[in-house]
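Chemist: Sequence isn't available, so here's the structure alone:
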């Protein structure tokens, strides 16, 4: 199968329901998990508007010792921002945790190396 890089990006990270597929059909959360996720989200959402923007994400990364350029942060936002509004709301944040972060820290998934 031949596909462009944009087609690959949409298939792998797009907002076409792929999050649910990667999460095994469900990204539902328990009340305890929702509370913990909301607490983490609130710590990232500096201005309290219910959305994480590029600068807030960049600041959060810096706080944990990750230096990322605004271009790199924009690339990250593109992956997690499934509705394309330029920010990450709590629902998108939760999907990112369930499908990306949890598998990475649990060791159940290792990202493929991307050719540059």
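Modeler: That came through fine. All values derive from a computational prediction rather than experimental measurement.

Chemist: Return the helix or strand in the chain with minimum mean pLDDT.
Modeler: The least trusted helix or strand in the chain, going by mean pLDDT, DSSP states H and E, turns out to be helix 18-22, with a mean of 50.

Chemist: Now the helix or strand just after it: average pLDDT?
Modeler: Of the helices and strands lying after helix 18-22 in sequence (DSSP states H and E), the nearest is helix 31-44. Mean per-residue pLDDT for helix 31-44: 89.

Chemist: Tell me the first helix or strand C-terminal of helix 31-44.
Modeler: Using DSSP H and E, the helix or strand that follows helix 31-44 in sequence is strand 51-52.

Chemist: Just give the strands next to that next one in its sheet, each with its orientation.
Modeler: Using DSSP bridges, strand 51-52 pairs in its sheet with strand 88-89 (antiparallel).

Chemist: outside of the partner strand, which residues touch it?
Modeler: When contacts are defined by CB atoms under 8 Å, 6 or more residues apart in numbering, strand 88-89 is touched by residues 50-52, 57, 77, 80-81, 83, 96. Placement of C-beta: from N, CA and C, glycine included.
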